[in-house]
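Asker: This is a predicted model, with the sequence first.
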Amino acid sequence: MYNRIEMLVLTCGVCLLALFNTCWSMTEFKQGKWTLRFDDSDHTFDISHADLGSLAEDVKFAASENGKVYASSAWKIDKDKKSVLTEAPVKAKWTFTMSGKQLDMSCSNDNGFLSAGIPASEQRIPARLEDQDNGIMYTSIGQVTAGNIHRLFDRKTDTVIEFPSGSKLGRSVNGRFMTARIPVKSGTIISLIPDYYINVLKLKYYKPMPQRFKEAACGWCSWYCYYMGATEKKMIASTDAIAKHLRDYGMKYIQLDACFTRGDDANWLEWTRKTFPRGGKWLFEYIKSKDLSPGLWVNIYGANRANPACADKYPDDFFLEDNKGKYQQACCTADKTVVKLDYSNPRVIKEHLVPLFKTLKNEWGMEYLKDAGWGQWIDYFDRHKKNAHDSSKTGRELYVKAQKALRETLSDDIYITGCAMHEVGLCFGFYDGSRTGGDDKAVWDGKGMTMQTYFHSLFGANYLNNICWFCDPDTVMVRPPLTVEEARTVVSSIALCGQTYMASDFMDKLPKERLDLYKKTIPVMDIVPIDLYPYKISRNKRTGTVWSRPKVKEYPRAIDLKVNARSGKYDVVGLFNWKGEEKDSKKASEVDKNVAFEEDLGLDPDGEYLVFDFWDGELKGKFKKGVSVAVPPHGVKVLLIRKSLPRPQLLATSRHVTCARSIKEMSWDGKHSSLKGVSETIGGNPYSLFIHVPKGYAPDDVKVSSDLLYKKTKDGILEVKLQGQKELVRWSVKFKRT
């Protein structure tokens with residue numbers, strides 16, 4: 001028997017021997033920033049890059065012959081020639097060439113491929129570039145993939161990682177890795193596009209989005225209802241209606257736009273008494289009493305010179321004179337009493353900006369800021385800088401300096417939406433979101449402001465959303481003269497993109513049918529774009545910045561939201577009929593729109609899919625290659641597409657158009673033929689589960705932890721309708737075999 005000291009020595013010796021053997025069994029190919037590390041113990045290797053870290057792990061050499069797949073189990077490595085000869089079960093020579101932006105590889109076997117694990121967390125996301133534009137915009141919830149996605153985007157380094165177009169990327173069990181099958185012919189197996197947003201899209205200010213908020217803001221804005229006519233009474237009516245009908249669904253912010261600083265006596269803190277007799281602090285407290293979050297529109301680049309907010313009088317050098325010695329009105333403000341500030345004077349930040357926003361946040365309770373100005377101040381300062389306190393500064397650096405001070409003052413718990421259209425990206429990192437287009441209006445099309453402005457922004461800038469900031473395409477509206485179909489298109493499009501969702505309707509006057517459109521599309525989900533390019537690229541002639549203003553004929557024909565959540569793995573596809581110009585004539589009619597599962601969505605060509613119409617609440621059927629549906633003029637059909645299973649499965653819920661909002665847990669118990677789940681519902685409002693029941697099964701027993709309103713089966717769909725409650729609802733549906 002060994003004593004304790006002998007055992008310790010023996011154990012250490014074994015460990016050292018194992019470590020020595022492990023190190024001895026490793027071989028590395030290195031060139032530039034690339035490293036390939038081979039492990040003789042299990043005949044796998046890893047691929048890494050100095051800037052990106054691990055790109056592929058546990059890589060195996062493999063080949064297919066006669067319909068069977070063989071992975072290598074023996075090899076000989078030639079380090080000098082950077083080649084590997086696999087000897088069993090299939091002989092092949094694999095040769096590597098590494099250059100700055102790519103890893104090339106050749107294989108002597110025409111059927112050779114690599115199998116690998118690809119690191120792909122939330123910071124390394126699936127991506128499509130413009131060369132894959134098929135008229136369908138891809139977005140995602142969770143860790144997703146598709147048969148036609150062979151690129152990843154590394155947010156931190158602004159790098160696109162490309163695998164050959166024939167590569168098949170799937171998802172591993174833990175979701176943070178992709179499984180990959182990479183064909184190896186003579187050519188590139190991994191290539192890099194470094195500084196993609198910066199150099200390819202010319203977005204020179206790119207930086208990864210700070211995650212202060214998980215989803216974009218969802219709320220209500222006064223402007224497109226009341227414009228300059230907003231009053232305390234109207235704000236109370238809107239707040240009460242939202243608290244009653246939409247707060248529990250996720251509408252959070254109540255934001256007052258310009259109008260409250262009219263006249264010499266009013267400023268950012270002392271509001272116009274005629275229309276806001278109890279002032280802003282009282283209104284904010286009222287909004288908070290309804291468990292909602294107050295927000296305000298402020299142009300930080302202007303102040304009331306006659307009656308400034310943070311002192312009895314500001315020195316004249318706080319304001320910027322034009323070349324005629326006059327003060328000019330700040331952009332978009334109520335009247336000429338608010339004039340442009342001079343941020344080249346550091347005292348303006350210290351004695352105006354900081355105390356103003358400390359008051360709004362700490363004393364008033366502001367939780368949302370619409371940071372106005374459109375960047376107009378930048379050019380104005382540069383044109384008149386000879387009159388400034390410090391003419392050595394530029395408008396851009398001072399603009400950014402003010403925004404930096406604002407963010408530091410408000411800290412990370414206040415949501416800031418900017419109006420950063422002057423130069424896109426100038427304030428990445430400071431804004432949580434930003435406007436990406438002009439003002440819209442509750443009419444479908446025509447001259448001037450319309451909902452087409454909203455669609456231009458929504459589609460054109462989606463490649464920035466949840467990548468650099470949350471895009472704000474301007475407000476959502478569903479009231480007439482928009483038809484119900486048009487309103488449904490408006491809310492469906494933003495819900496499938498995950499951009500800032502600020503409504504601007506008369507909430508106390510909306511009929512139930514229109515309110516329900518909001519209820520089924522809020523709050524904003526954590527949606528990330530897959531298509532990382534602006535639709536129909538154009539460039540700003542002055543800055544070179546890539547931008548996009550797609551015309552109607554250039555809008556995507558569909559949005560494909562790919563979902564991997566507790567509600568399952570599926571696609572939510574919005575099919576649009578953008579034309580419909582003849583809606584007021586007898587010629588207006590529905591148009592058949594189709595989507596091909598493999599070609600358009602990248603789905604498994606061998607699968608069969610169940611298609612459920614969300615808005616109509618009905619099963620369209622089971623399809624193999626694709627589906628075609630009739631879409632009304634200016635309308636949309638939202639289809640949930642799930643791979644058909646040989647047992648009962650959830651197809652949809654009534655809660656949210658993505659059907660990913662309410663399901664917190666779900667599982668299938670095959671032994672007892674039972675589908676179980678936990679749902680988050682809205683107290684006092686009905687909630688439905690739509691479950692597909694295939695042939696060979698029949699519903700047997702339904703149990704819910706709230707009131708069951710009814711259960712009914714039609715065309716193979718079991719609808720379980722229950723009463724929503726504040727607590728989570730537990731439900732189970734047991735089936736019997738027939």
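Answerer: Yes, it's here.
Asker: Distance of Val572 relative to Ser493?
Answerer: 12 Å (C-beta to C-beta, to the nearest Å). C-beta here means a position set from N, CA and C on the backbone, and glycine is covered the same way.
Asker: next one: Tyr697
Answerer: Counting by C-beta to C-beta, the gap from Tyr697 to Ser493 is 36 Å.
Asker: Of the two, give the one with the bigger neighbour count.
Answerer: Using other C-beta atoms under 10 Å, the more surrounded residue of Tyr697 and Ser493 is Ser493, with 26 against 18.
Asker: can you pull the buried residues of the strand ranked longest in the chain?
Answerer: Taking DSSP state E as the criterion, the chain has its longest strand at strand 53-65. Going by neighbour count (16 or more other C-beta atoms under 10 Å), the buried part of strand 53-65 is 55-57, 59-63.
Asker: Likewise for stretch 722-738?
Answerer: Going by neighbour count (16+ other C-beta under 10 Å), the buried part of stretch 722-738 is 722-725, 729, 731-735.
Asker: now swap in stretch 637-654 and tell me
Answerer: 637-643, 648-654.
Asker: which stretches of this protein have low pLDDT?
Answerer: 1-25, 536-553, 580-588 (pLDDT under 70).
Asker: Which residue ranges make up the domains of it?
Answerer: Domain segmentation of the chain under automatic domain parsing yields 26-119+159-193, 218-523+534-543, 662-738.
Asker: Switch these over to TSV; also include distance to Lys625.
Answerer: Shown next, in TSV, are the domains of the chain (distance: least, C-beta to C-beta, whole Å):
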stretch	distance to Lys625
domain 26-119+159-193	19
domain 218-523+534-543	23
domain 662-738	19
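Asker: residues touching Arg212, list them.
Answerer: 412-413, 415, 432 (C-beta atoms under 8 Å, 6 or more residues apart in numbering).
Asker: same thing but 6 Å
Answerer: By C-beta atoms under 6 Å, 6 or more residues apart in numbering, the contact set of Arg212 is 412, 432.
Asker: Against Phe470, how distant is it?
Answerer: Going from Arg212 to Phe470 by C-beta to C-beta gives 10 Å.
Asker: try Gly135
Answerer: 25 Å.
Asker: Can you show me the helices along the stretch 451-600 of the chain?
Answerer: Ranges of helices in the stretch 451-600 of the chain, per DSSP state H, counting those that start in this stretch, are 451-460, 484-495, 512-519, 597-601.
Asker: Mind listing what's buried along the longest one?
Answerer: Of the residues in helix 484-495, those buried under the neighbour-count criterion (16+ other C-beta under 10 Å) are 485-495.
Asker: What angle do helix 451-460 and it make with each other?
Answerer: Interaxial angle, helix 484-495 versus helix 451-460 (axes from the mean of the first three to the mean of the last three C-alpha atoms, to 10 degrees): 30 degrees.
Asker: contact partners of helix 484-495?
Answerer: Outside helix 484-495, the residues that reach it (C-beta under 6 Å, 6+ apart) are 444, 458, 476, 478, 501, 517, 521, 574, 632, 634-636, 638, 657.
Asker: Between those residues, which sits nearest Lys290?
Answerer: The closest of the contacts of helix 484-495 to Lys290 turns out to be Tyr501 (C-beta to C-beta; 19.1 Å).
Asker: got the phi/psi numbers for the nearest residue to that closest one once chain neighbours are set aside?
Answerer: Closest residue to Tyr501 apart from its sequence neighbours, by C-beta to C-beta, 6 or more residues apart in numbering: Cys218 at 4.5 Å. Main-chain dihedrals, Cys218, degrees, to the nearest 10: phi -130, psi 120.
Asker: wait, doesn't Cys218 sit right on Met525?
Answerer: No: under the criterion of C-beta atoms under 6 Å, Cys218 makes no contact with Met525, lying 10.1 Å away.
Asker: Show me which of those two is the more surrounded one.
Answerer: With neighbours defined as other C-beta under 10 Å, Cys218 and Met525 compare such that Met525 has more, 25 against 21.
Asker: mind listing what that one touches?
Answerer: 141, 498, 658.
Asker: for these, which one is nearest Val200?
Answerer: Nearest member of those to Val200, counting by C-beta to C-beta, is Gly498, at 23.3 Å.
Asker: so which of the domains of the chain gets nearest Glu590?
Answerer: That would be, of the domains of the chain and by C-beta to C-beta, domain 218-523+534-543, which comes in at 10.1 Å.
Asker: How far away from the center of its chain is that closest one?
Answerer: In terms of C-alpha atoms, centre = their mean, to the nearest Å, the centre of domain 218-523+534-543 is found 21 Å from the chain centre.
Asker: Ala652 pairs with what?
Answerer: Beta-bridge partners of Ala652, counted by DSSP bridges, are Phe690.
Asker: one step back: Gly135 and Phe470 - which one has more neighbours?
Answerer: Neighbours per residue (other C-beta under 10 Å) separate Gly135 from Phe470, with Phe470 holding more: 25 against 11.
Asker: still on that earlier bit, just the contacts of Met525 now: which is nearest Tyr555?
Answerer: Gly498 (17.8 Å).
Asker: Would you report which members of the contacts of Met525 are assigned to strands?
Answerer: Applying DSSP E to the contacts of Met525, the entries found in strands are Ile141.
Asker: Export the contacts of Met525 as TSV, with columns for neighbour count and distance to Lys509.
Answerer: Listed next are the contacts of Met525 as TSV, based on neighbours: other C-beta atoms under 10 Å; distance: C-beta to C-beta, whole Å:
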residue	neighbour count	distance to Lys509
Ile141	21	33
Gly498	25	28
Thr658	27	28
